[in-house]
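Q: this is a predicted model, with the sequence first.
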Amino acid sequence: MIRRCDDHDLVLIWTIINDDAQAYKGTIPTDRWTEPYMSMEKLQDEIDEGVMFWGYEEAGALVGVMGIQKVQDVTLIRHAYVRTCSQKRGIGGHLLSHLRELASEPILIGTWAAAVWAIRFYERHDFQMVSPQEKDRLLKRYWTIPERQIDTSVVLADAKWRQLSVEA
């Protein structure tokens, strides 16, 4: 079951993010890694800035989360995580499909360039990486992240974004 998360889910969202984010340890630049990967304060800041989390439940337990955030003229998919013990069962794909249905604007996704598994996941769901120059422009326009993270990230775009880019 997919449902909108609320304030009661905050600790569970934080736990799932930090469980799954262990995959980044040793992969992303060491200067970008923190313990925990996302602090409770950072999670609350993201929610306060408009990230709405949706969760996937199995047997009454939240096992995956994915955020969606409207920023200007696009929708961002943010913080997509599935508990390590629940991965490889299509949960991320179900969440992504659900959030795509909610978005009327083009969708952009940012992730670490070294997170090859995440990039492949989004590519399997018809997202394509934008050029390095476009990536820099988009990350500066739609995200609030440090320059070092911009340097070590990629942006993937859906077909709607790609069509708009062709027409521009």
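A: Received, thanks.

Q: tell me which residue lies nearest the centroid of this protein.
A: Centroid-nearest residue in the chain: residue 78, 2.9 Å away (criterion: Cα atoms, centre = their mean).

Q: pLDDT of the longest strand seen in the chain, averaged?
A: Secondary structure of the chain per DSSP state E: the longest strand is strand 61-71. Confidence for strand 61-71, expressed as mean pLDDT, is 97.

Q: so what touches the helix-or-strand element of the chain with minimal mean pLDDT?
A: Using mean pLDDT, DSSP states H and E, the weakest-scoring helix or strand in the chain turns out to be helix 159-167, at a mean of 85. Identification of contacts with helix 159-167 by Cβ atoms under 8 Å, 6 or more residues apart in numbering yields 74, 105-108, 126, 128, 130, 134, 157. Glycine gets a C-beta too; all of them are placed from N, C-alpha and C.

Q: tell me the buried residues within those.
A: Neighbour-count burial (16 or more other Cβ atoms under 10 Å) applied to the contacts of helix 159-167 gives 74, 105-108, 130, 157.

Q: returning to that earlier point: can you lay out the contacts of helix 159-167 as a markdown table showing pLDDT?
A: Formatted as a markdown table, the contacts of helix 159-167 follow (pLDDT from 0 to 100):
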| residue | pLDDT |
| --- | --- |
| 74 | 97 |
| 105 | 96 |
| 106 | 97 |
| 107 | 98 |
| 108 | 98 |
| 126 | 97 |
| 128 | 98 |
| 130 | 97 |
| 134 | 96 |
| 157 | 98 |
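
Q: cheers, nothing more for now.
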